[in-house]
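J.: here are the coordinates; sequence isn't available:
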């Protein structure tokens with residue numbers, strides 16, 4: 001097991017307050033980024049009195065389900081945004097057969113906490129066993145993902161230590177050395193126990209350095225991926241590459257990445273699904289006890305080629321991919 005190097009940082013209170021202020025400003029400005037919502041007719045977005053301060057995205061016709069719904073809980077961007085802000089992205093996940101629960105009500109603006117993600121998990125598990133619930137026996141309570149963007153990604157990393165969690169994704173996020181933000185500290189990396197992915201918008205994503213360090217410091221026994229979809233053309237700062245593609249139709253490339261990752265880690269789907277073949281990146285070969293990495297600086301697509309998500313992988317023999325060959329191949333369709 002890797003030992004995490006302890007860093008002693010004397011962080012003035014004023015600097016911490018400045019970081020908190022930036023996080024909140026990011027969350028508030030997200031409201032200006034969201035255009036008219038294109039309602040997905042196959043998804044229901046609702047609140048439930050049994051789970052206050054949350055928004056629920058689910059397939060519209062629960063009675064038509066042929067498979068149980070894995071649980072995806074979502075940490076709000078800026079640890080403050082309302083539940084509808086990421087509609088394009090979260091509804092795209094839901095329509096692909098997931099129960100998605102976002103912190104904060106549909107139009108509710110409140111400071112969020114990692115405990116809200118745990119509350120959502122508890123509620124979903126309870127509903128599945130409640131014979132009076134519309135979710136009775138319709139939820140796969142053994143397949144759970146914690147995810148979030150920016151400050152919400154920190155909440156997801158913190159909640160990811162819960163033993164019920166099956167996978168963690170931190171979008172445009174990474175833990176600060178001094179902790180505090182999003183309730184996450186470097187100790188949370190040591191509590192991770194399932195496949196974990198960090199996704200950034202390239203070097204101009206303000207969370208890029210934190211994600212890079214998280215990936216380097218997470219214990220070797222944790223299957224880990226650090227992925228970057230270069231959005232440098234959007235610029236630096238809190239409203240640049242840091243905002244990913246969440247507000248594009250179906251969440252853009254991040255929406256595709258989310259479904260593929262969740263299908264792979266929660267449903268055991270190893271093949272791409274429903275995306276154009278001209279976006280398929282080369283497979284990355286993963287040896288049971290090694291790493292195979294593609295550094296973002298080495299990725300130079302041919303002129304006119306579509307951008308692809310570039311990843312660094314560490315996938316130890318974790319019993320997740322049962323194949324007779326001596327290597328694993330993980331293909332991303334971005």
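T.: Everything's here; your move. All values reported here derive from a predicted model rather than from experimental measurement. Residues are numbered from 1 along each chain as shown.

J.: can you give me the helices for this protein?
T.: Applying DSSP state H to the chain gives helices spanning 13-33, 87-95, 114-128, 151-159, 187-191, 208-217, 252-266.

J.: Residue 106: which of these is closest?
T.: helix 87-95 (9.2 Å; CB to CB). Yep, even glycine has a C-beta here, placed from its N, CA and C like the rest.

J.: want to try CSV for the helices of the chain, with mean neighbour count, distance to residue 237 and mean pLDDT as columns?
T.: Listed next are the helices of the chain as CSV, based on neighbours: other CB atoms under 10 Å; distance: least, CB to CB, whole Å; pLDDT from 0 to 100:
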stretch, mean neighbour count, distance to residue 237, mean pLDDT
helix 13-33, 14, 9, 49
helix 87-95, 24, 21, 97
helix 114-128, 21, 26, 98
helix 151-159, 31, 16, 97
helix 187-191, 19, 26, 96
helix 208-217, 20, 13, 91
helix 252-266, 23, 19, 87
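
J.: Tell me which of those sits nearest to residue 238.
T.: Of the helices of the chain, nearest to residue 238 by CB to CB is helix 13-33, at 4.3 Å.

J.: surely residue 91 meets residue 59?
T.: No - taking CB atoms under 8 Å as the definition, residue 91 is not a contact partner of residue 59, at 10.1 Å.

J.: List the residues that contact residue 142.
T.: 164, 166 (CB atoms under 8 Å, 6 or more residues apart in numbering).

J.: about what we covered before: please convert the helices of the chain to CSV, extending it with distance to residue 165.
T.: Compiled in CSV, these are given as follows (distance: least, CB to CB, whole Å):
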stretch, distance to residue 165
helix 13-33, 23
helix 87-95, 16
helix 114-128, 8
helix 151-159, 7
helix 187-191, 10
helix 208-217, 16
helix 252-266, 11
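
J.: of those, which approaches residue 47 most closely?
T.: Counting by CB to CB, residue 47 lies closest to helix 114-128 out of the helices of the chain; the figure is 11.8 Å.

J.: What angle do helix 151-159 and the closest one make with each other?
T.: 70 degrees (axes from the mean of the first three to the mean of the last three CA atoms, to 10 degrees).

J.: Run through who's touching helix 114-128.
T.: In contact with helix 114-128 (CB under 8 Å, 6+ apart) are residues 48, 50-51, 53-54, 71, 73-75, 99, 101, 103, 133, 135-139, 141, 144, 146, 148, 155-156, 158-159, 162, 164-165, 182-184.

J.: related to what we said a few turns ago, for residue 91 and residue 59, list the residues in contact with both.
T.: Common contacts of residue 91 and residue 59, defined by CB under 8 Å, 6+ apart, comprise residue 43.

J.: Out of the helices of the chain, which gets nearest to residue 39?
T.: Taking the helices of the chain one by one with CB to CB, helix 87-95 is closest: 8.3 Å.

J.: Mark which of the contacts of helix 114-128 are buried, thanks.
T.: 51, 53-54, 71, 73-75, 99, 101, 103, 135, 138-139, 141, 144, 146, 148, 155-156, 158-159, 162, 164-165, 182-184 (16 or more other CB atoms under 10 Å).

J.: Quick check, pLDDT for residue 81.
T.: You'll see residue 81 listed with a pLDDT of 92.

J.: ignore the last one, residue 311
T.: pLDDT, residue 311: 54.

J.: Report the contact partners of residue 129.
T.: Taking CB under 8 Å, 6+ apart as the test, what residue 129 contacts is residue 136.

J.: repeat that for 6 Å
T.: If you count contacts by CB atoms under 6 Å, 6 or more residues apart in numbering, residue 129 has none.
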